[in-house]
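J.: have a look at this prediction, sequence included:
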Amino acid sequence: MTRRLKIVYFGSGAFGVPTLRMLLERHDVRLVVTQPDKPAGRGESLTPTPIGAMVANLITPTTPTTLTTPQIIKPPKVNEPAVRDLIRSQGADAFVVVAFGQKLGRSLLEGVCAINLHGSILPRWRGASPVQASILAGDPFVGNSVIALADRMDAGVVYASSSFPRDPGWTAGDLHDLLAADGPSLIARVLDDLADGKVAGANQNESLVTLAPKLSKSDGWLDFHAGASACVCRIHGLNPWPSVTVRFRDQPLKLLRAAAHAEPSPATIQPGCVIDPLSGDIATGEGRLRLVEVQPSGKRAMSWREFAAGRRVVIGERLISEPVPTSDAGAPTGGGAC
C-alpha cells in the first residue's frame, strides 16, 4: 500500500469536492485552505465556498461519514506572512490545488511539491474557463491535466492527463461535473508516484497554447448567422453561466439546450426566425438550430415544446440576440461540429 502523504489542500469551487474527498480517504490532509465566506442570495447572508461547506458538513454531519475532519482556514490573502507560516508549519509532502482562486507565491511554494488539477488537455485552454472554452470551440476531445504550479498560469510541467470524446449534448455544467469526477484518479496517481519517488512530468508545447479568458455576462450572445453547429456549441458552452439570452416578443429568454440539423433553412426565413414552432427549429446561416430547453425570465426551465404551446408561437417570429458580439469578446468563437 502506498504511504499516506501529508497534504495541504487549496480549493474553493465545487470542481474540487470529489478530489478533496479522495484525499481525506487516502491521505493525511493537515489543512484545507479556501476563500472567505461571501454574501450571497437575496438576504446577502455569508455563504461558504463549496469546499468550506463540505468541511463544515464533516464537523456537523447531516449524513453519516467516516472521513476525518481537517483544520480549515479562509484567508483573504494566502501569501500574507502569518498565513504562509501557518501553512508551511504543517510539514506537507505536497500541496494540492484545485479551483482555489488565489495565486500561491514563491515563498509559500518553496521546497514543496505543488500540483494543480486543470479542466482541459493542456496546453489547450490555459486560463480561467477551460471547461467552457472546450465546448465553445467544438473540441472533439476533452479531459483533465495535473500540472506543477508555475509562475505563469497553467504553464507547469504535466504529470498526468486524461482524454475522452465529448458528447455534443453536454453543457459546460455537464462537462464540469464529469471532469470533477475524473480528477481524483489523476491526482491519486500523481501522489502515488510522489510517494514512490518516481514522479516525472513533461513540458508543455508552447506552440500549441490556446487561452481561455474569464467569462462575463456580456458573453451571453448568439450569432444566428453562424452555422447551427456553432450556435449549439455556444448555447451549451455558456450553460449554466453566463448563459445565452435572447429576446423573444421583447422578453428575455435563456437558451439552455439545443441540437443542430443539417437540413437547410428556407430561403424566405431569415436567421434567428422560427421555422417550425412545434419542433423549435430556428433558421441559421447554415442548417437548422433546434431548441430543446429554454427558460423564460422569472420562470423555471422548460422544453421548447411547452414554451411554444403556451405562447402560440408562429412561423417567422424572431429571436433577437443582444448585445451584438464584438471582436474582443472574452468567449472563444467559431465552433466545430458539435
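T.: Looks like it came in fine.

J.: alpha carbons only for contacts and neighbour counts from here, please
T.: Noted.

J.: can you show me the strands along the stretch 101-250 of the chain?
T.: Secondary structure of the stretch 101-250 of the chain (DSSP state E, counting those that start in this stretch): strands at 113-118, 126-127, 141-142, 145-148, 158-161, 164-165, 211-212, 244-248.

J.: just the CA trace of the next helix or strand after the last one, in PDB.
T.: Read it as strand 244-248. Downstream of strand 244-248, the first helix or strand assigned by DSSP states H and E is strand 251-261. Coordinates of each C-alpha in strand 251-261 appear next as PDB, following Å, rounded to 0.1, in the frame of the first residue of the first chain:
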ATOM      1  CA  GLN A 251     -38.800  39.500 -23.200                       C
ATOM      2  CA  PRO A 252     -35.600  37.800 -22.200                       C
ATOM      3  CA  LEU A 253     -35.300  34.100 -23.000                       C
ATOM      4  CA  LYS A 254     -32.400  31.800 -22.000                       C
ATOM      5  CA  LEU A 255     -31.500  29.100 -24.400                       C
ATOM      6  CA  LEU A 256     -30.300  26.200 -22.400                       C
ATOM      7  CA  ARG A 257     -30.000  23.100 -24.700                       C
ATOM      8  CA  ALA A 258     -30.200  22.700 -28.500                       C
ATOM      9  CA  ALA A 259     -29.300  20.400 -31.400                       C
ATOM     10  CA  ALA A 260     -28.000  21.100 -34.900                       C
ATOM     11  CA  HIS A 261     -29.700  19.700 -38.000                       C
END
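
J.: the very next helix or strand once past strand 251-261 pairs with which strands, parallel or anti?
T.: Following strand 251-261 in sequence order, the next helix or strand is strand 274-276 (DSSP H and E). Here strand 274-276 has these sheet partners by DSSP bridges: strand 281-283 (antiparallel).

J.: ok, which of the strands of the stretch 101-250 of the chain comes nearest residue 310?
T.: For the strands of the stretch 101-250 of the chain, proximity to residue 310 was assessed by C-alpha to C-alpha; strand 244-248 is nearest, at 13.6 Å.

J.: direction included, what does the closest one pair up with?
T.: Pairing partners of strand 244-248, with direction, according to DSSP bridges: strand 251-261 (antiparallel), strand 319-321 (antiparallel).

J.: now these in TSV, with mean neighbour count?
T.: Shown next, in TSV, are these (neighbours: other C-alpha atoms under 10 Å):
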stretch	mean neighbour count
strand 251-261	21
strand 319-321	22
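
J.: adding distance to residue 91, write those out as a markdown table.
T.: Listed next are these as a markdown table, based on distance: least, C-alpha to C-alpha, whole Å:
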| stretch | distance to residue 91 |
| --- | --- |
| strand 251-261 | 46 |
| strand 319-321 | 54 |
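
J.: ok, back up a step: among the strands of the stretch 101-250 of the chain, which is the most enclosed?
T.: strand 145-148 (a mean of 25; mean count of other C-alpha atoms under 10 Å).

J.: in CSV, list the strands of the stretch 101-250 of the chain along with distance to residue 222 and mean pLDDT.
T.: Shown next, in CSV, are these (distance: least, C-alpha to C-alpha, whole Å; pLDDT from 0 to 100):
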stretch, distance to residue 222, mean pLDDT
strand 113-118, 27, 98
strand 126-127, 23, 98
strand 141-142, 23, 98
strand 145-148, 30, 98
strand 158-161, 32, 98
strand 164-165, 25, 98
strand 211-212, 18, 98
strand 244-248, 7, 97
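
J.: possible to save the strands paired with strand 244-248 as a markdown table with distance to residue 153 and mean pLDDT?
T.: Formatted as a markdown table, the strands paired with strand 244-248 follow (distance: least, C-alpha to C-alpha, whole Å; pLDDT from 0 to 100):
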| stretch | distance to residue 153 | mean pLDDT |
| --- | --- | --- |
| strand 251-261 | 31 | 97 |
| strand 319-321 | 33 | 96 |
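
J.: figure out which of those is closest to residue 300.
T.: The nearest among the strands paired with strand 244-248, by C-alpha to C-alpha, is strand 251-261 at 10.5 Å.

J.: follow-up on the earlier one: closest one to residue 223 among the strands of the stretch 101-250 of the chain?
T.: Closest to residue 223 of the strands of the stretch 101-250 of the chain is strand 244-248 (C-alpha to C-alpha; 10.3 Å).

J.: what's the closest one in contact with?
T.: Contacts of strand 244-248 with the rest of the structure, by C-alpha atoms under 8 Å, 6 or more residues apart in numbering, involve 219-222, 234-235, 238, 252-256, 318-322.

J.: just the CA coordinates for it, please, in PDB.
T.: Coordinates of each C-alpha in strand 244-248 appear next as PDB, following Å, rounded to 0.1, in the frame of the first residue of the first chain:
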ATOM      1  CA  VAL A 244     -27.100  32.600 -23.900                       C
ATOM      2  CA  THR A 245     -30.000  35.100 -23.600                       C
ATOM      3  CA  VAL A 246     -32.100  36.300 -26.500                       C
ATOM      4  CA  ARG A 247     -35.200  38.400 -26.700                       C
ATOM      5  CA  PHE A 248     -38.500  36.900 -27.800                       C
END
